[in-house]
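Visitor: Task: produce atomic coordinates for the following.
(one chain, ligands or ions: 1)
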Amino acid sequence: MKEYNQKDIEKKWQKKWEETDAFKIDKDDLKKEKFYILDMFPYPSGDGLHMGHTESYTSTDIFYRYKKMRGFNVLHPQGFDSFGLPAENYAIKTGIHPKKTTQKNIENYIKQMKSLGLAYDFEESVITSTPKYYKWTQWIFTKFFKNSLVYKKTDTINWCESCKTGLANEQVEGGRCERCKNEVVQKEVPGWFFKITDFADDLIEDLKNVDWPEHTKKNQINWIGKSEGSEIKFKIKDSDKSFKVFTTRADTLFGVTYCVLAPENKLVEELKESIENWDELGEYIKKTKKKTEMERMEGKDKTGVELKGIKVINPANNEEVPLFVADYVLANYGTGAVMAVPAHDVRDFEFAKKFNLPIKKVIESHTLQTLSQKGQYLSSNGSDDKGIYTGKGVLVNSGKFNGMDSEEAKKAITEFVGGKVTTNYRLRDWSVSRQRYWGAPIPIVYSPEGEAVAVPEEHLPWTLPEDVDFVPTGTAPLAKSKELYTRTEKIFGKGWTPETDTLDTFVDSSWYFLRYPDPHNEKEFCSKDRLKHWLPVDLYIGGEEHTYMHLLYARFFVKAMYKIGLLNFKEPFLKLRHQGMVLDEKGVKMSKSKGNVINPDEMVERFGADAVRMYMMFAGPLEDDVMWDENKVVGTYRFLEKIWKAKENLSNDTSAELKREIHKSIKKVSEDIEELRFNTAIAQMMSLANKLKSASLAKSEYELVLKILAPFAPHITEEIWSGLGNKNSIHKESWPKYDDILARDKKINFVIQVNGKLRDVLEIDTEVSEEEIKKIAKKSDKIKKWLEGKEIKKEIFVKGKLLNIIV
Ligand code: ANZ
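Guide: So this is what the prediction gives:
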């Protein structure tokens, strides 16, 4: 008998599939129902694919093959998110052009993906760093520009000193650069911004229309941070100046004991003349510039400086309160000014304690009112409460509003002081300018008068110049390109200059899924027909880490493109699932620095792609973390061997029992794949494989087994299939139908009790009647002895489950 030699088999079929263009699809075939399954495309790093990729790409590959066998026309593309910092940093170190490194890495990724048997048509890939692709990234940018969805402003942005570039809020983690982990500072830099805030409400609302994990939806909502509140004007005493605060608790207005301006608030400078301690204040403001937003928000030790000589009038009761500058108030949220109510807000409370400011209670909890209890007070100290209560309740110490419910009072008090009900968002416009080289050039040129003009379509792609020095100096590398400046003057005239920033790479990945249906189109980003047919994406699978922002940005792109008539749908990904992480044997996340990374190549080399694919899927539910365990890969290898060996003992007939088992498996595996429960589908096939050896199995039923296994283990099944004399690929076969009657459980375990105690379990046919069961039970030796000499008083019968004989 020929041994199962996975190495030869896998190489042989991978070559054959390639030669026969096995994974090509007709994208214009409108007759078949379409299904678009999308992977999060990788950044082609020098390290190659990691096990996380292997896991998620295997899952989509299985689903793709299954859907195809079900008769769908399935689009299952792969590409490369190939602009970005690592290639540029590598270029800085080695002098090798990022284009070269990227190309080399992509080739390696493709080789790895092929060796795993992943069915991608790489001729239909998108590679974001190619002019062919970024032409359309730039084209969309110019469309946004013409429709006022992108604009330029000078703003304080997050700046990474080490990468010498601006970063979006989303790229700052705990005050550090997401990439290099160095501290991020605030810097005033001119740059381009996408108007994502225009879509804040839709970005929340439309989540109702997609099938996504709840926590991912929640995360999007939290990031957008919609907050309903009021804007209330406070006047400065003896001055015509005033400022507005944003508050979500207008009901607490009578409890204001001071106000705070953010250090960056322009009013501070305007009040300079009247401020008695300007030096102290200036010193403080300078210091806060060094702090990150996170430090300011989370800092336990509150700091600030009172504006001596200034008083503020509370519009509700005309009381005079002091004004402070404190860094816990942020400049770019709300109005950059707050009314402080220490009795009902934690941060104000901490501040008031430190600066010895009055704490005035104006809300009493309902429970406190009715039960005289102080359930929700965090630190109450007796009846003249100086604690803090942040909940809803009833107004006290609030003039004519006393006794009013706090929710009701929000509106009433806002109206009373002539304020305005407003909504605030945490979401900021998306800053997309990067002072880096390896990205798509922003397709903007400036007239000699400084007016920004979009590069016309005929000059797109607006190519990335090659004559630059990558070493970062703080000015954009493109500013050093002679070619870019000459090109600009040649096309637009003397005195015209190019924009020298490049686009954030998140821009590239915000629309790549729109390109896959038509990646070679030179006239449109995607033909209208193909767009209409293929989009939106039916199923998107990818990791949870680092993808929140990508998801938000992609959703924004689709909404913005919808708004300007480029698309006819508003959500890109109808269904989304995340795969878990791959951990090492000890349950530790794999990472280069820990040295516990497992290389997929090595595993494929040792066990074969089929065994590795199956193990990854068998190790647990897709969304759970997988602990890599080499011994268990051996287990899936053995399973494949059992399938392999079965071909040597085929009979003319399949035993009735095995036939039932096979149909049950078809049913279970189909249902499980639909629900992405690959692990339980494999468990079913493993249990089936154990039964193959001892029973007689005919070729026709064996082929059914091969077909349901084919999406999981595409090589071995193809080899056996062809060995059985089949001319066409197994992957072009239809998914088998199961016989409903055979797939049903024939026998059930029926429990027999005597006086409620389990005495016997009978394996009986589901069709046996109640009378018949009672007879069989009483004949059983295990039961007889309990009934001897006794009178049966009652029989309790539960259909399909148990009989309880009471004596
Ligand atoms: C008075 C007050 C009393 C507040 C109270 C809360 C509780 P969210 O829900 O996140 O929108 N705030 C407003 N602008 C701020 C800024 N620029 N920096 C820091 N804090 C700011 O939070 C809104 C609340 O955060 C506002 O409501 C304001 O404090 C504070 F018992 O006003 B509140």
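Visitor: The helix or strand bottoming out on mean pLDDT in the chain: what's the following helix or strand?
Guide: When each helix and strand of the chain is scored by mean pLDDT, DSSP states H and E, helix 366-371 comes last, with a mean of 61. Heading C-terminal from helix 366-371, the first helix or strand you meet, by DSSP states H and E, is strand 394-395.
Visitor: what's that following strand packed up against?
Guide: Judged by 3 or more Cβ pairs under 8 Å, 6 or more residues apart in numbering; DSSP states H and E, strand 394-395 is in contact with strand 363-364, helix 406-416. Bear in mind the C-beta positions are built from the backbone N, C-alpha and C, glycine included.
Visitor: cutoff 10 Å now
Guide: Helices and strands touching strand 394-395, by 3 or more Cβ pairs under 10 Å, 6 or more residues apart in numbering; DSSP states H and E, are strand 363-364, helix 366-371, helix 406-416.
Visitor: Only alpha carbons, please: show the longest one as PDB.
Guide: So the one you mean is helix 406-416. Output of helix 406-416 as PDB, limited to C-alpha atoms (Å, rounded to 0.1, in the frame of the first residue of the first chain):
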ATOM      1  CA  SER A 406     -32.800  65.700  37.300                       C
ATOM      2  CA  GLU A 407     -33.500  64.400  33.800                       C
ATOM      3  CA  GLU A 408     -36.300  66.900  33.400                       C
ATOM      4  CA  ALA A 409     -34.200  69.700  34.900                       C
ATOM      5  CA  LYS A 410     -31.500  69.400  32.200                       C
ATOM      6  CA  LYS A 411     -33.800  70.900  29.600                       C
ATOM      7  CA  ALA A 412     -35.600  73.300  32.000                       C
ATOM      8  CA  ILE A 413     -32.400  74.800  33.400                       C
ATOM      9  CA  THR A 414     -30.800  75.100  29.900                       C
ATOM     10  CA  GLU A 415     -33.800  77.000  28.800                       C
ATOM     11  CA  PHE A 416     -33.900  79.100  31.900                       C
END
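Visitor: I would like the residues contacting the very next helix or strand once past it, please.
Guide: Later in the chain than helix 406-416, the nearest helix or strand by DSSP H and E is strand 420-425. Residues outside strand 420-425 that contact it (Cβ atoms under 10 Å, 6 or more residues apart in numbering): 196-197, 200-201, 203-204, 223-233, 244, 246-248, 250, 333-335, 410-411, 414-415.
Visitor: partner strands of strand 420-425, parallel or antiparallel?
Guide: Strand 420-425 has the following sheet partners, assigned by DSSP bridges: strand 226-236 (antiparallel).
Visitor: report the angle between the axes of the helix or strand that the partner strand is followed by and helix 406-416?
Guide: Next helix or strand after strand 226-236 toward the C-terminus (DSSP H and E): strand 242-247. Per axes from the mean of the first three to the mean of the last three Cα atoms, to 10 degrees, the angle that strand 242-247 makes with helix 406-416 is 160 degrees.
Visitor: could I get the helix or strand following strand 242-247 in PDB with only the CA atoms?
Guide: Using DSSP H and E, the helix or strand that follows strand 242-247 in sequence is strand 258-261. Taking C-alpha atoms only, strand 258-261 is exported to PDB below (Å, rounded to 0.1, in the frame of the first residue of the first chain):
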ATOM      1  CA  TYR A 258     -15.800  77.300  40.000                       C
ATOM      2  CA  CYS A 259     -15.100  77.100  36.200                       C
ATOM      3  CA  VAL A 260     -12.100  75.800  34.300                       C
ATOM      4  CA  LEU A 261     -10.600  76.700  30.900                       C
END
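Visitor: other SSEs contacting strand 258-261?
Guide: Using 3+ Cβ pairs under 10 Å, 6+ apart: strand 258-261 touches strand 242-247, strand 305-313, strand 320-325, strand 337-340, helix 346-355.
Visitor: chain center to it, what's the gap?
Guide: 38 Å (Cα atoms, centre = their mean, to the nearest Å).
Visitor: now swap in stretch 434-442 and tell me
Guide: For stretch 434-442 - counting by Cα atoms, centre = their mean - the centre lies 25 Å from the chain centre.
Visitor: go on, stretch 404-418?
Guide: 39 Å.
Visitor: That one vs the ligand: in contact?
Guide: No - using Cβ under 6 Å from any ligand atom, stretch 404-418 stays clear of the ligand, coming no nearer than 9.5 Å.
Visitor: Buried residues in that stretch, which are they?
Guide: By neighbour count with 16 or more other Cβ atoms under 10 Å, stretch 404-418 contains the buried residues Met404, Ser406, Ala409, Lys410, Ile413, Thr414, Phe416, Val417.
Visitor: before we move on, what about stretch 281-296?
Guide: Here stretch 281-296 shows Leu281, Tyr284, Ile285, Thr288, Lys291, Thr292, Glu293, Arg296 as buried, counting by 16+ other Cβ under 10 Å.
Visitor: Output it as CSV, nothing but the C-alphas.
Guide: Provided in CSV are the C-alpha atoms of stretch 281-296 (Å, rounded to 0.1, in the frame of the first residue of the first chain):
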residue,chain,number,x,y,z
LEU,A,281,-0.1,80.9,34.8
GLY,A,282,2.2,81.1,31.8
GLU,A,283,4.6,78.7,33.4
TYR,A,284,1.8,76.2,34.1
ILE,A,285,0.6,76.4,30.5
LYS,A,286,4.0,75.7,29.2
LYS,A,287,4.3,72.6,31.3
THR,A,288,1.1,71.1,30.2
LYS,A,289,2.3,71.1,26.6
LYS,A,290,4.6,68.3,27.4
LYS,A,291,1.8,66.1,28.7
THR,A,292,-0.1,63.7,26.5
GLU,A,293,-3.9,63.8,26.4
MET,A,294,-4.0,60.5,28.2
GLU,A,295,-1.9,61.8,31.1
ARG,A,296,-4.1,64.8,31.4
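Visitor: Spell out which parts of the protein neighbour the ligand.
Guide: Within reach of the ligand by Cβ under 6 Å from any ligand atom, the chain has these residues: 227, 246-249, 252, 262, 329-330, 333-334, 336, 338-339, 341, 344-345, 424.
Visitor: Filter the contacts of strand 420-425 down to the buried ones, ChimeraX style.
Guide: Buried subset of the contacts of strand 420-425, written as a ChimeraX selection, criterion 16+ other Cβ under 10 Å:
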select :196,197,200,203,204,223,224,229,230,231,232,244,246,247,250,333,334,335,410,414
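Visitor: how about low-confidence regions in the chain?
Guide: 1, 170, 368-386, 474 (pLDDT under 70).
Visitor: Quickly name whichever of the buried residues of stretch 404-418 is closest to Thr463.
Guide: Using Cβ to Cβ, Thr414 comes nearest to Thr463 of these, at 54.5 Å.
Visitor: Which strand residues bridge the residue nearest to the closest one when sequence neighbours are not counted?
Guide: Nearest residue to Thr414, sequence neighbours excluded (Cβ to Cβ, 6 or more residues apart in numbering): Ser230, at 4.1 Å. Counting by DSSP bridges, Ser230 forms beta bridges with Thr247, Val421.
Visitor: Isn't Ser230 up against Ala316?
Guide: No - judged on Cβ atoms under 10 Å, Ser230 makes no contact with Ala316 at a distance of 11.9 Å.
Visitor: Overlap of the contact sets of those two?
Guide: In contact with both Ser230 and Ala316: Ala250, Leu253, Ile413, Val417, Gly419, using Cβ under 10 Å, 6+ apart.
Visitor: residues in contact with the closest residue to the second one other than its chain neighbours?
Guide: On the basis of Cβ to Cβ, 6+ apart, the spatially nearest residue to Leu253 that is not a chain neighbour turns out to be Ala316, at 4.4 Å. Counting by Cβ under 10 Å, 6+ apart, Ala316 touches 232, 250, 252-256, 339, 362, 398-399, 401, 413, 416-417, 419.
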